[in-house]
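>>> Sequence and predicted structure below; questions after.
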Amino acid sequence: MNPLPPAPSKPQIALLEPFERLGLQRISLVATAAQAEQAEREMAGVPMFGFDTESKPTFAKGEVSDGPHTVQLSTVERAWVFQLHDPACRARVAQLLESHPALKVGFGLGDDRRRIQGKLGVEVRGMVDLNTIFNRMGYRKDIGVKSAVAILFNRRFLKSGKASTSNWAARQLVDSQLLYAANDAYAAARVFAALEPAAQALAG
């Protein structure tokens, strides 16, 4: 692919048109073992997922998060948001992350990896941090999802600060949470797809 442009500044990104997002009709909430089994069938044969997690934020000094509370996987067409309350669903998610051969791509995944190891006791198979790929392509600073979307699509990725600090441990997630969680994973999938085949080579 052609050389990528420099990372834009925050004021430059703010002037861009919004990046298109997944709507609720293309987001599946998965909270039970039966729903997880259905999601696994839908995911069969998928070669790459955008990947992210969400955890209830901690505000008190010394408070330790017991997250992640959700795990998100997305293709360039649709997303699944897995809740981890139900032990049987949680076990299916752990198995999926450990055994599904697809690449799981996202931004800044070090914390996600540690949390999943701590809570689910598994190593995510095929995890690819997009920051590492951008670094290998010549970007010195970490490239987050907002900068990546601006570089590749000349669009502004919208992230809700209110949703990011909401209660991800809630039994019932609201629509704004589903949109936030799913679209983080969706954007990662779109970025990786736009970088292919260069990203495939660098991911190895």
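Ah, there it is.
>>> and F82, that's in a strand?
Yes: counting by DSSP: H, G, I helix; E, B strand; the rest coil, F82 is found in a strand.
>>> per-residue pLDDT, it?
Looking at F82, its pLDDT stands at 97.
>>> what are the bridge partners for it, then?
Beta-bridge partners for F82, by DSSP bridges, are V30, V71.
>>> Surely it touches T70?
Yes: using Cβ atoms under 8 Å, F82 is in contact with T70, at 6.3 Å. C-beta coordinates here come from the backbone N, C-alpha and C atoms, glycine included.
>>> Could I get the full set of strands for this protein?
27-30, 48-54, 70-74, 79-83, 103-106, 127-129 (DSSP state E).
>>> Find the least confident helix or strand in the protein, judged by mean pLDDT.
One helix or strand of the chain scores below all others by mean pLDDT, DSSP states H and E: helix 198-203, with a mean of 62.
>>> Show the contacting residues for V191.
Each residue near V191 by Cβ atoms under 8 Å, 6 or more residues apart in numbering is listed here: G50, V105, L130, V145, A148, V149, L152.
>>> and if we set it to 7 Å?
L130, A148, V149, L152 (Cβ atoms under 7 Å, 6 or more residues apart in numbering).
>>> ok, the nearest residue to N167 once chain neighbours are set aside - contacts?
Leaving aside its chain neighbours, N167 sits nearest to K56 (5.6 Å; criterion: Cβ to Cβ, 6 or more residues apart in numbering). Applying Cβ under 7 Å, 6+ apart to K56 gives the contacts S65, G67, H69, N167, W168, A169.
>>> Apply 6 Å and report the result again.
Applying Cβ atoms under 6 Å, 6 or more residues apart in numbering, we find K56 in contact with G67, H69, N167, W168, A169.
>>> any idea how far it is from Y180?
Computed as Cβ to Cβ, to the nearest Å, the K56 to Y180 distance reads 14 Å.
>>> try G138
30 Å.
>>> quick one, which of the two is more surrounded?
Shown here are G138 and Y180; by other Cβ atoms under 10 Å, Y180 has more neighbours (25 against 9).
>>> All set, thanks.
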